[in-house]
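A.B. asks: Just a sequence and a predicted model for now, questions to come.
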Amino acid sequence: MVLLFLVPVLIHAQNRPLILPERDRARVINEVLAHRFEKVLPGLMRREGIDLWILISREYHEDPVMKTMLPAEWISARRRTVFVFFDKGADTPSVEQLAIARYDVGLLKASWNLNVYPDQWDALMEIIRVRQPKKIGINFSPRYAHADGLSHFEYDQFISRLPGEFKPRVVSAETLAVAWLETRSSMEMTLYEHIGRIAHQILREGLSDQVIQPGITTTEDLVWWYRQKVTELGLETWFHPTVDVQRPDTGRFDHLRTFSKRPGPELIQPGDLLHVDFGISYLRLNTDMQEHAYVLKPDEREVPGYLQEAFAKAHRLQDILTAHFKTGRTGNEILATALAQAKGEGIEGAIYTHPIGSHGHAAGPTIGMWDNQGRVTGPGDYPMFPNTAYSIELNASVTLPEWGGKTIRIMLEQDGFFDGKTFRYIDGRQEEIYPIQK
């Protein structure tokens, strides 16, 4: 049973989180996938009204959805790989899972008899003719790259072979693809707590005097410490970490540089407010977190109160945002109501929250963008559904008289889960700025 492997995160004597060996990871991935096929997929197909879902990929050009359905032993699709999911109706608890391939693809049974159908497309068409689906979903989408995995050539091949009676039944499977990617199972959420704790432990070790020596360590040193740490633990990251500094000088801090105008290495000094953006990929789930630390000056024993008060404003903005999470409400609606409330409370903030899960910047409702605090066309119009996860990413701007009237930004990001009624952080969140001893 998978529960044998869902152990708490333990910290070894070398401050090393417990990471599963590859064989056990594969076992967990495959058991989670089986659970999703059995418990998650049928309800999603019925919700979206698609009774036949077809995914088609060629080797090294995989549909993003198919990548999440491959067994752990498969690194990529092989030749042309075709998956078919057929829902016989609500009276049947599971959906039929087929692979138009010469061999089983994990849980999907091979359904291509070369002796009868030498051509793979003919085998697929026979599956369709026998099952007589009402709606045939294929993965093309104007809004989500995640759901746009069917290549132009494969689409042409499919449509040209499809009998005429079925062509009017072909629809975009965009909403079903997004639903599959964004919906988290109970088994996955048990894993996610474990993964979130690992990510937090690595992030916070970097923001400590175990790693940072003021006057010697640079921001670039810390960035590469994170990359090296992830590699040494046998993990992966889905983006290059960033580390930046705000300090009481005359320089204006531009938060856009954390996205598009990254500064060069800066020497970390006492009195610096550090910000880190960091995430890991493990067991086919991703994290995305941003936290702050302050390097104490020689005469300081704790983080100055005015910085903690600034942090509290961003903390409050998190609470305002997540209080507006509601099933059926779109990302644009959530953004507008949260920003209006923040303004009413005197918080100058920006919100750019995104779904997370099978991908770092995942499919689902976009709630603002760092360069667009108005309506986000497309993903911003997508509604929120239960059992979905989000990176609560935002910042609050605060002017500090103690820093000569300089405006700083407290940029926070933590991963959380919405069950349809309530929101919770998967492994908690940063409650105050961490002190770094000299």
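C.D. replies: Received the coordinates, thanks.
A.B. asks: Counting neighbours, what do you get for the residue nearest to Ser151 when sequence neighbours are not counted?
C.D. replies: In space, and not counting its chain neighbours, Ser151 is closest to His61: 6.4 Å by C-beta to C-beta, 6 or more residues apart in numbering. For the C-beta atoms, the positions are set from N, CA and C on the backbone; glycine is no exception. Here the number of neighbours of His61 (other C-beta atoms under 10 Å) works out to 12.
A.B. asks: doesn't Phe153 make contact with His61?
C.D. replies: No: between His61 and Phe153 there is no contact under C-beta atoms under 8 Å: 9.8 Å.
A.B. asks: mind showing which ranges of this protein have poor pLDDT?
C.D. replies: Filtered on pLDDT under 70, the chain yields the residue ranges 1-17, 250-263.
A.B. asks: Now do stretch 299-307: distance to the chain's middle.
C.D. replies: Between the centre of stretch 299-307 and the centre of its chain there are 34 Å (C-alpha atoms, centre = their mean, to the nearest Å).
A.B. asks: what does it rub up against?
C.D. replies: Leu273, Tyr294, Leu296, Leu400, Pro401, Glu402, Glu432, Ile433, Tyr434, Pro435 (C-beta atoms under 8 Å, 6 or more residues apart in numbering).
A.B. asks: What residues of it count as buried?
C.D. replies: Across stretch 299-307, burial judged by 16 or more other C-beta atoms under 10 Å covers Val303, Pro304, Leu307.
A.B. asks: Endpoint to endpoint, it covers what distance?
C.D. replies: By C-alpha to C-alpha, to the nearest Å, the extent of stretch 299-307 from end to end equals 16 Å.
A.B. asks: What are the boundaries of the strands in the stretch 201-350 of the chain?
C.D. replies: 242-246, 273-278, 281-282, 285-286, 289-295, 348-351 (DSSP state E, counting those that start in this stretch).
A.B. asks: Okay, domains of the chain per the record?
C.D. replies: Domain segmentation of the chain under automatic domain parsing yields 22-180, 184-436.
A.B. asks: circling back: for Arg23, which of the strands of the stretch 201-350 of the chain is the nearest?
C.D. replies: Among the strands of the stretch 201-350 of the chain, the nearest to Arg23 by C-beta to C-beta is strand 281-282 (15.1 Å).
A.B. asks: What distance do you get for the nearest residue to Thr175 once chain neighbours are set aside to Ala147?
C.D. replies: With sequence-adjacent residues excluded and distances taken as C-beta to C-beta, 6+ apart, Thr175 is closest to Glu48, at 5.0 Å. Glu48 is 12 Å from Ala147, where distance means C-beta to C-beta, to the nearest Å.
A.B. asks: Between those two, which is the more surrounded one?
C.D. replies: Neighbours were counted for Glu48 and for Ala147 using other C-beta under 10 Å; Ala147 has more, 25 against 20.
A.B. asks: ok, that one to Gly357 distance?
C.D. replies: Counting by C-beta to C-beta - Ala147 and Gly357 are separated by 14 Å.
A.B. asks: Next: Val295.
C.D. replies: Taking C-beta to C-beta, one finds Val295 at 34 Å from Gly357.
A.B. asks: The buried residues of stretch 299-307 into a markdown table, with extra columns for distance to Arg204?
C.D. replies: Shown next, in a markdown table, are these (distance: C-beta to C-beta, whole Å):
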| residue | distance to Arg204 |
| --- | --- |
| Val303 | 15 |
| Pro304 | 20 |
| Leu307 | 18 |
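A.B. asks: Pick out whichever of those residues sits closest to Leu162.
C.D. replies: Nearest to Leu162 among those, with distances taken as C-beta to C-beta, is Leu307, at 62.5 Å.
A.B. asks: Please report the distance of the closest residue to Gln341 other than its chain neighbours from Phe239.
C.D. replies: Of all residues not flanking Gln341 in the chain, Ile320 sits nearest, at 5.1 Å (C-beta to C-beta, 6+ apart). For Ile320, the distance to Phe239 (C-beta to C-beta) stands at 27 Å.
A.B. asks: just to revisit the earlier point, which of the strands of the stretch 201-350 of the chain sits closest to Arg129?
C.D. replies: Arg129 lies closest, by C-beta to C-beta, to one member of the strands of the stretch 201-350 of the chain: strand 285-286, at 38.4 Å.
A.B. asks: so how far is that closest one from its chain's centroid?
C.D. replies: Per C-alpha atoms, centre = their mean, the centroid offset for strand 285-286 relative to its chain is 6 Å.
A.B. asks: Check which helices and strands it is in contact with.
C.D. replies: Packed against strand 285-286, as judged by 3 or more C-beta pairs under 8 Å, 6 or more residues apart in numbering; DSSP states H and E, are the following elements: helix 186-206.
A.B. asks: Now the helix it packs on: buried residues?
C.D. replies: 187-189, 191-206.
A.B. asks: same thing with stretch 274-290?
C.D. replies: So, applying 16+ other C-beta under 10 Å, buried residues of stretch 274-290: 274-290.
A.B. asks: Spit out the residues that contact Glu48 and Ala147 alike.
C.D. replies: In contact with both Glu48 and Ala147: Ala173, using C-beta under 8 Å, 6+ apart.
A.B. asks: what about dumping the CA coordinates of stretch 417-431 to CSV?
C.D. replies: Taking Å, rounded to 0.1, in the frame of the first residue of the first chain, the C-alpha atoms of stretch 417-431 are listed here in CSV:
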residue,chain,number,x,y,z
PHE,A,417,-5.4,24.0,-1.1
PHE,A,418,-9.1,24.8,-1.7
ASP,A,419,-11.5,21.9,-0.9
GLY,A,420,-14.5,23.7,-2.3
LYS,A,421,-15.5,25.4,1.0
THR,A,422,-12.3,26.3,2.8
PHE,A,423,-8.7,27.2,2.0
ARG,A,424,-5.7,26.0,3.9
TYR,A,425,-1.9,26.3,3.4
ILE,A,426,-0.5,22.9,2.5
ASP,A,427,2.4,23.2,4.9
GLY,A,428,1.7,26.4,6.7
ARG,A,429,3.2,29.8,5.7
GLN,A,430,5.9,32.2,6.9
GLU,A,431,4.5,34.0,10.0
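A.B. asks: Quick check: buried residues in it?
C.D. replies: Within stretch 417-431, the residues that count as buried by 16+ other C-beta under 10 Å are Phe417, Phe418, Phe423, Ile426, Asp427, Arg429, Gln430.
A.B. asks: Pick out the most distant pair among the residues you listed.
C.D. replies: It's Phe418 and Gln430 that sit farthest apart of the buried residues of stretch 417-431, by C-beta to C-beta, at 19.9 Å.
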